[in-house]
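Q: sequence first, then the predicted structure:
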Amino acid sequence: MAKKTLKEGRKKHFNVSAGKLYEIKDGKLIKKNKNCPRCKKTMAKAKDREFCGGCGYTILAKKE
């Protein structure tokens, strides 16, 4: 029987640590990323857009 392997191009899933999502200012925890206006989940940041993994809502950065 052949061993199962991951398909080409597929990445292993990893969880983001809490230190990358929050920062401490004046003794309070503050989220670094925005909340989605549709489903209220935390949105992911890319260099030219922000997007929600739950509902697919996307905010494109304004061109200057």
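A: Now that the structure is in, tell me what you want to look at.
Q: pLDDT wise, what is Lys7 at?
A: In this model, Lys7 is scored at 68, pLDDT.
Q: sorry, that was for Glu64
A: Looking at Glu64, the pLDDT reads 67.
Q: repeat that for Phe51.
A: pLDDT at Phe51 comes out at 94.
Q: next up, the contacts around the residue nearest to it when sequence neighbours are not counted.
A: In this structure, Phe51 finds its nearest non-sequential neighbour in Thr58, 4.5 Å apart by Cβ to Cβ, 6 or more residues apart in numbering. Glycine gets a C-beta too; all of them are placed from N, C-alpha and C. Residues near Thr58 by Cβ atoms under 8 Å, 6 or more residues apart in numbering: 49-52.
Q: who touches the lowest-mean-pLDDT helix or strand in the chain?
A: Confidence across the helices and strands of the chain bottoms out at helix 18-21, with a mean of 84, counting by mean pLDDT, DSSP states H and E. Helix 18-21 has contacts (Cβ under 8 Å, 6+ apart) with 31-33, 42.
Q: save those as JSON lines, and put in pLDDT and secondary structure too.
A: Listed next are those as JSON lines, based on pLDDT from 0 to 100; DSSP: H, G, I helix; E, B strand; the rest coil:
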{"residue": "Lys31", "pLDDT": "90", "secondary structure": "strand"}
{"residue": "Lys32", "pLDDT": "90", "secondary structure": "coil"}
{"residue": "Asn33", "pLDDT": "90", "secondary structure": "coil"}
{"residue": "Thr42", "pLDDT": "90", "secondary structure": "strand"}
